[in-house]
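Asker: Whatever this is, show me its structure:
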Amino acid sequence: MDDVEKAGVGRNQAPGEGQDRSRPVLELRGIVKRFPGVLANDHISLKLYPGEILALLGENGAGKTTLMNILYGLLPPDEGTVMVRGEPVRFSSPADAIEKGIGMVHQHFMLVPVMTVAENVMLGEEKVHHRFFLDRAGVSEAIRKISERYGLAVDPQAYVQDLPVGIQQRVEIIKLLYRQADILILDEPTAALTPQEVHELFGILKGLAAAGHSLIFITHKLKEALELADRIVVLRRGQVVGETEAARADEATLARMMVGRDVELVVQKPVARPGEPVLTVEDLWVEGEHGEPAVRGVSLEVRSGEIVGIAGVQGNGQTEFMEALVGLRPSRAGRVMLLGRPVTGLSPRQVLEAGVGYIPEDRQRDGLILPFAIEDNLVLDTYYHPPLSRRGWLDRRAIRQRAEKLAQAFDIRTASLGLPVRTLSGGNQQKVIVARELSRSIRLILALQPTRGLDVGSIEYIHQRIVEAREAGAGVLFVSTELDEILALSDRIVVFYRGRIVGTLEAAAADREQLGLLMAGATGTGGVAA
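Answerer: Presented below is the predicted three-dimensional model:
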């Protein structure tokens, strides 16, 4: 059997043909993993059956990533056994896992943008003909066979950098099927997709399961777990705390298992009473990383006492727009007014001093100094003001007192405020940023992906704080790729596509399908935005 014929076929037979669905294809028995001072996995056991989609839920720090890294050969377990098709295995690298039919689609795609689909698929398993030449034609034919079999329509000759995010994800899945993986791990696979792309992806994943492949679906989105999975396993503090069939579960029950308490899943906020404009943007143009226009003539207004959400697939100019507003990126043309005063061209410190709170997109790269203590990160934009600083000297006692107040007020959980901020979970790191920015006297909040990667408990907390700031009279402008968050938190919604605003809607009258079409470039008049 040649490579083309083998493409997409399971380890021993075509998936779904005569497999015993009563026996697990994968089993974890008593997995333990320790790090200094942390028990990441505490005797975790779970099973995965042929043709099953298993959702893995848990808070940040619950142990999901560690467990999947063990399963994919990136970490060895300290105790316990991994069983694949009834046989114990021990992986020392991802290559060992792939050899046993286990593949993983990471949240951040592992693709080379300047290569074609076929070149990405064969990377690491290059086939040659006539001794010296890559067999691109043979690999392209294998990709076409996989695409036809599983509904993964992809052009093998297309360059990855020219493909939408949803198609790039298909390439990642094809890579695994080409390597004959029949156990697929998907880590937050819908993070950057439109609702239409999510719908298409779920159809593909259900088709893979129907063909006999087994899937582990890691997500923090309760609705998606309920829609896609057959079974759901919930981790908390390194242990399995619940397991249920998806058909018998609901969001409230899952959230309670994840967090250990009841969670308010609906954003509770009074009716908005907008006041005067706090931010006015007029015909703003901003360059991207390579000199091309990333923001093209955007104009909008944010008033006090309202929350404006910016929806859009990531990479359509939202990040560059917000960075320009806060002074991190120069604008090519246009004007930005804060409380009626021009702030275009001011430095980030000057913008913050003018009454802006900024929550960046990447908390670890742009929001925190990871080696610094938690208490120092809590005063990064106020340390030079009395009483934290006197005559150029830091007052360590005043800094510690302020940090203690903020940690208590914003529920930052740590053994010591003197520890490096990198020791905190993702949710607590985000709380440090929110505490720092919202504890100042601010009139405008600029927030980029304020709850990205957070569990339901941390999301609930961040939302409450943003609503409190709005009720105190601040204007809020935030970016999110999560439509549920956009719809729940916003008073008004603007949609970005290719650096332009293609739609503005009242949140109360908007729906997911309408927003999804706008995010894909539909203008609402039957056309597509340029």
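
Asker: Tell me where the stretch 151-300 of the chain has helices.
Answerer: Secondary structure of the stretch 151-300 of the chain (DSSP state H, counting those that start in this stretch): helices at 165-178, 195-210, 222-228, 251-259.

Asker: Not counting sequence-adjacent ones, nearest residue to Gly315?
Answerer: Spatially, and ignoring its direct neighbours in sequence, Gly315 is nearest to Val165 (7.6 Å; Cβ to Cβ, 6 or more residues apart in numbering). Quick note: C-beta positions are derived from backbone N, CA and C, even for glycine.

Asker: wait, that neighbour sits on Val313?
Answerer: Yes. Val165 lies in contact with Val313 (Cβ atoms under 8 Å); the separation is 6.4 Å.

Asker: Neighbour count for the two, which is higher?
Answerer: Val313 (22 against 16; other Cβ atoms under 10 Å).

Asker: looking at this, the more buried one is in a helix?
Answerer: No. Counting by DSSP: H, G, I helix; E, B strand; the rest coil, Val313 is not found in a helix; it is coil.

Asker: State whether it and Ser480 are indeed in contact, as I suppose.
Answerer: No. If you go by Cβ under 8 Å, Val313 and Ser480 don't touch, sitting 11.4 Å apart.

Asker: State the number of residues packed around Arg261.
Answerer: 8.

Asker: Show me where the stretch 351-500 of the chain has its strands.
Answerer: Along the stretch 351-500 of the chain, counting by DSSP state E, counting those that start in this stretch, strands occupy 356-359, 389-390, 393-394, 444-448, 475-479, 492-497, 500-506.

Asker: Turn those into a markdown table, including mean pLDDT.
Answerer: Formatted as a markdown table, those follow (pLDDT from 0 to 100):
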| stretch | mean pLDDT |
| --- | --- |
| strand 356-359 | 94 |
| strand 389-390 | 88 |
| strand 393-394 | 91 |
| strand 444-448 | 95 |
| strand 475-479 | 96 |
| strand 492-497 | 95 |
| strand 500-506 | 93 |
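
Asker: Now mean neighbour count too, for those, in JSON lines please.
Answerer: Converted to JSON lines, those look like this (neighbours: other Cβ atoms under 10 Å):
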{"stretch": "strand 356-359", "mean neighbour count": "25"}
{"stretch": "strand 389-390", "mean neighbour count": "13"}
{"stretch": "strand 393-394", "mean neighbour count": "10"}
{"stretch": "strand 444-448", "mean neighbour count": "25"}
{"stretch": "strand 475-479", "mean neighbour count": "25"}
{"stretch": "strand 492-497", "mean neighbour count": "24"}
{"stretch": "strand 500-506", "mean neighbour count": "18"}
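
Asker: Which one of those strands lies nearest to Ala97?
Answerer: strand 444-448 (34.5 Å; Cβ to Cβ).

Asker: List the neighbouring strands of that closest one plus their orientation.
Answerer: Strand pairing for strand 444-448, using DSSP bridges, gives strand 356-359 (parallel), strand 475-479 (parallel).

Asker: follow-up on the earlier one: could you report the separation of the residue nearest to Gly315 from Gln314?
Answerer: Going from Val165 to Gln314 by Cβ to Cβ, to the nearest Å gives 7 Å.

Asker: on that earlier part again, which stretch among the strands of the stretch 351-500 of the chain comes nearest Pro88?
Answerer: Across the strands of the stretch 351-500 of the chain, closest to Pro88 is strand 444-448 (Cβ to Cβ), at 45.3 Å.

Asker: CA-only coordinates of the closest one in CSV, if you can.
Answerer: What follows is strand 444-448, C-alpha atoms only, in CSV (Å, rounded to 0.1, in the frame of the first residue of the first chain):
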residue,chain,number,x,y,z
LEU,A,444,-12.0,55.4,29.9
ILE,A,445,-11.2,51.7,29.9
LEU,A,446,-9.5,50.2,26.8
ALA,A,447,-9.5,46.4,27.1
LEU,A,448,-8.1,43.9,24.6
